[in-house]
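# Predicted coordinates and the sequence they were generated for:
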Amino acid sequence: MALIRISLICLTAWPLFAECRVPDLAPGAISRLTAPELVDTGHFLRAEKALTMPQTARDQWLLSKTKAALGKLDEAMTLAEAALAAEPNNAAYHVQVAAVSGRLAEKAGFLKKLGYVRRAKQELDAAAALDAKNTEAQWGLMMYFYAAPPLVGGDKAKAQQIGEQLATAVPDLGRYYQGRLAAELKELDKAETFYKQSVGENPLLFDTISALAMHYMRTKTDQARAERWACQAVHSDPVRGEAWALLARAYTMCGCWDKAVAVATQAEEVDPDNLAAWFALGEAAVERGEQTEQAIDWLKKYLAHPIEGNQPGEAAARMHLASLLVKSGKPAAAVPELQAAVDLDPTLDTAKAELKKLTAELKKN
């Protein structure tokens, strides 16, 4: 661990335009991870298999986190509530019930949404009362006060206050969460500052490293810095598929498609369950208007396998695939992809409009 820490500290200070040298990874590295490690590092498809028969409240909690990441929210809630019933004084289990309640609220009607929101707040308060240092509970409360309307207790100033308190108690995670909140508030320079303070406290904190990479990809476009932080993400956790996806995406920013494809290929070798790097390439191709025919194959590859938890969903992939098919002169093939995207996610208004337009055009012809 000491050698890893020294390596990453050196990486933090590497020259801005240095070539990213990806780490060597021993074969079968992921297969040696325990169930908790699989969950912590985003290997949810494997974790689901490993936890098929949960024996303890902790197993139920881990499987609940897994099911939630995979979008199986009803199963996730049943497991979270079972873990909490078995150990009602465990703050982490209250947090998980709150987290699933929040996810369920996103897709619920108005009255059910209110019920889920109230449940989430109740469970977060209970978790904080049991363990005031539980960072996930504090983050949940930050987001509640940020997102909730004033009528039900929303207070953005309160959210920022909790962030300051958390940063004092746990500087690395606290600054990261402050960055997340600042990004939500569209205070983008503040977000960048908080992320840099977080990584200064802990060069190994994957969430902050990946947030900085995304910041330079999406918010303050800077290919060199995006590549630098994406490279550090891979070194921070080389078995994590989204780290490789970040690096692949960074290479698309300079039109370095050969490098991007090489990274996606290596990512698939490292973790065949997580093909997020291929999605990243397909999405970049849509946005840049490049590599159309190849990107169709990349997105089809992504859709041909079960999608790893907390990765871009099927609806987004099918919408991008439809865009590429239209550009390649295959509008008829795009229609079923758009229809599938809308069926999966009825909130995709852009896909609905494009589907209507394409259908009308094809009828004319």
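Great, that's in hand.
# Not counting residues beside it along the chain, what's closest to T359?
Using CB to CB, 6 or more residues apart in numbering and skipping residues adjacent in sequence, the residue nearest T359 is V335, 6.3 Å away. Every C-beta, even on glycine, is put in place using the N, C-alpha and C of the backbone.
# Which strands and helices lie in contact with the host helix or strand of the one you found?
Assessed by DSSP states H and E, V335 sits inside helix 331-344. Helix 331-344 is packed against helix 314-327, helix 349-364, with contacts defined by 3 or more CB pairs under 8 Å, 6 or more residues apart in numbering; DSSP states H and E.
# Could you tell me the end-to-end distance of stretch 197-206?
One end of stretch 197-206 sits 14 Å from the other (CA to CA, to the nearest Å).
# neighbours around G313, how many?
By other CB atoms under 10 Å, 15 other residues sit near G313.
# Correction: the previous question concerned K356.
Neighbour number of K356 under other CB under 10 Å is 12.
# quick one: average confidence on the helix holding V335?
Mean pLDDT, helix 331-344: 97.
# can you list the residues that contact it?
313-316, 318-319, 321-323, 325-326, 348, 351-352, 354-355, 358-359, 361-362 (CB atoms under 8 Å, 6 or more residues apart in numbering).
# If we use 10 Å, what do you get?
Residues outside helix 331-344 that contact it (CB atoms under 10 Å, 6 or more residues apart in numbering) are 296, 299, 303, 313-328, 348-359, 361-362, 365.
# how about that helix: buried residues?
By neighbour count with 16 or more other CB atoms under 10 Å, helix 331-344 contains the buried residues P331, A334, V335, E337, L338, Q339, A340, A341, V342, L344.
# Which parts of the stretch 51-200 of the chain are helices?
Applying DSSP state H, counting those that start in this stretch to the stretch 51-200 of the chain gives helices spanning 57-69, 73-86, 91-107, 110-130, 135-147, 156-169, 171-184, 188-201.
# any chance of the ones you listed in JSON lines, with mean neighbour count too?
As requested, the helices of the stretch 51-200 of the chain are exported to JSON lines (neighbours: other CB atoms under 10 Å):
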{"stretch": "helix 57-69", "mean neighbour count": "23"}
{"stretch": "helix 73-86", "mean neighbour count": "19"}
{"stretch": "helix 91-107", "mean neighbour count": "22"}
{"stretch": "helix 110-130", "mean neighbour count": "17"}
{"stretch": "helix 135-147", "mean neighbour count": "21"}
{"stretch": "helix 156-169", "mean neighbour count": "17"}
{"stretch": "helix 171-184", "mean neighbour count": "22"}
{"stretch": "helix 188-201", "mean neighbour count": "19"}
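# can you redo the ones you listed as TSV with mean pLDDT and distance to A26?
Shown next, in TSV, are the helices of the stretch 51-200 of the chain (pLDDT from 0 to 100; distance: least, CB to CB, whole Å):
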stretch	mean pLDDT	distance to A26
helix 57-69	98	25
helix 73-86	98	32
helix 91-107	96	31
helix 110-130	94	38
helix 135-147	96	31
helix 156-169	96	36
helix 171-184	98	28
helix 188-201	98	26
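# now these as TSV including distance to R249?
Below are the helices of the stretch 51-200 of the chain laid out as TSV (distance: least, CB to CB, whole Å):
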stretch	distance to R249
helix 57-69	21
helix 73-86	28
helix 91-107	25
helix 110-130	32
helix 135-147	25
helix 156-169	28
helix 171-184	18
helix 188-201	18
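# about what we covered before: buried only: go through the contacts of helix 331-344 for me.
Neighbour-count burial (16+ other CB under 10 Å) applied to the contacts of helix 331-344 gives 296, 299, 303, 314-327, 348, 351, 354-355, 358.
# Next up, the contacts around A69.
Counting by CB under 10 Å, 6+ apart, A69 makes contact with 39, 42-45, 47-48, 76, 103, 308-311.
# What about the residue lying closest to K327 once chain neighbours are set aside, how many residues nearby?
What sits nearest to K327 in space, not counting adjacent residues and going by CB to CB, 6+ apart, is T292, at 5.2 Å. When counting by other CB under 10 Å, one arrives at 16 neighbours for T292.
# Out of the helices of the stretch 51-200 of the chain, the one nearest E227 is which?
helix 188-201 (15.8 Å; CB to CB).
# isn't Q232 right next to Y216, touching?
No: Q232 is beyond contact range of Y216, at 11.8 Å (criterion: CB atoms under 10 Å).
# Which residue of the two possesses the greater neighbour count?
Q232 (25 against 21).
# follow-up on the earlier one: of the contacts of A69, which is the nearest to V261?
Looking across the contacts of A69 and measuring by CB to CB, the closest to V261 is Q311, at 18.7 Å.
# The closest residue to the closest one other than its chain neighbours and A334: what is the separation?
The shortest distance from Q311 to any non-neighbouring residue, by CB to CB, 6+ apart, is to A276 (4.6 Å). Distance of A276 to A334, computed by CB to CB, to the nearest Å: 23 Å.
# Now for A245, how many residues are close by?
The burial count for A245: 29, using other CB under 10 Å.
# Likewise for A50?
Burial measure for A50: 19 neighbouring residues, criterion other CB under 10 Å.
# repeat for the one 3 residues further on
Residues near M53, counting by other CB under 10 Å, number 7.
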